[in-house]
Structures are given as C-alpha cells and as structure tokens.
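Q: here is my input; please provide its structure:
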Amino acid sequence: MSTPVESRPLQVTRFIKAPRERVFAAWTNPDHVRAWFGPANCRVLDAQIDLRVGGKYRFHVQSDPMGEMAVGGEYREITAPSKLVFTWRWEDDEDWDRIESVVTVEFESKTGGTEVRITHDGFPSPESGGRHEHGWNGCLDKLETLMAGE
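A: Next comes the predicted model:
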C-alpha cells in the first residue's frame, strides 16, 4: 500500500436521538445500512457485512453524479456498542489502487441519545477528503432521520 497524500484525518460528529445500542446496530446490520448509507443522492444496491474482526464488508452503491461504485474493507476492531474500526477502499478507482484508509466510529451515550464520532484517515488527495466529508455528513443526515422515524 502507498502512503496517503492527505495526512489530516477527517472528523465528523453528530448527536443522534436514539440509544447507543440501536445506533451501533444500524452500522452493523445490512438491512439498516441500505436505509442510511451515502448522501442524499446515493442509494445502496447491496450491503454485505461479515461482522467479526478480520471479516469483510462491501457496499455497492449508486450515486447520481458518480454512477455505480463499491467500497469495502475489513473490520479491525468491534467493541459493541461503543466502537467500530475498519479499513476503507473504493474499488475500480485508480486513485485508491494503492490506498487503504481507516475509519473509526465511536458511539458515546449522552442524555437523550448517542454522539457518533467518525474519524477517517488516509485519503489519496485533499479533494477526496472533501468528498468524504460531504459523504459522511450525508450518511449521518440519513441515519438521524432513520433513527427519528423508528
């Protein structure tokens, strides 16, 4: 793997009005992931999750501006319901050919809900970091809406 160009980790935090166990489950259940993953202009065509350390995940998505894409990786840490750590790599994108970034998602119980903190480290370019900031915020917008409706 090459060294990522973008060295500053992306951090996104959101308060979700739902119990930590429910929010954690939304990240680890393929049916739930299909409902919230991706920004508003994105939909999940398929989500596969092998939830164990060393297990793989793969999300096949369609986005209006980008077409069909797939992202996947491997779980490095699973501490239910407080933390997920997994690698992240876009398939069929030459910018990501030699890059494997790492995403850490922390779930902290707060009064009235859960604080979700996403740290994503290791992008191939600053532009990619900006696109992922938009993407993670869009994911959390949809997750917030999903959790409010249940």
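Q: for the residue lying farthest from the centre of the chain, report the pLDDT, please.
A: Farthest-out residue of the chain from its mean C-alpha position, per CA atoms, centre = their mean: residue 111, at 24.0 Å. With respect to pLDDT, residue 111 scores 97.
Q: in contact with it, which residues?
A: Not one residue lies near residue 111 by CB atoms under 8 Å, 6 or more residues apart in numbering. Where you see a C-beta, it was placed from the backbone N, CA and C, and this is true even at glycine.
Q: from residue 146, how far out is it?
A: 21 Å (CB to CB, to the nearest Å).
Q: one more: residue 78?
A: When residue 78 is compared with residue 146 (using CB to CB), they lie 21 Å apart.
Q: now swap in residue 124 and tell me
A: For residue 124 relative to residue 146 (CB to CB), the value is 30 Å.
Q: look at the two and report which has more neighbours.
A: Using other CB atoms under 10 Å, the more surrounded residue of residue 124 and residue 146 is residue 124, with 21 against 16.
Q: just give me the neighbour total for the nearest residue to that one once chain neighbours are set aside.
A: Closest residue to residue 124 apart from its sequence neighbours, by CB to CB, 6 or more residues apart in numbering: residue 95 at 4.4 Å. Burial measure for residue 95: 13 neighbouring residues, criterion other CB under 10 Å.
Q: need the three-state assignment for residue 95.
A: helix (DSSP: H, G, I helix; E, B strand; the rest coil).
Q: residue contacts, it?
A: 124-125, 128.
Q: per-residue pLDDT, it?
A: At residue 95, pLDDT is 92.
Q: residue contacts, residue 75?
A: So residue 75 contacts 50-57, 84-86 (CB under 8 Å, 6+ apart).
Q: mind running it again at 6 Å?
A: 53, 55, 86 (CB atoms under 6 Å, 6 or more residues apart in numbering).
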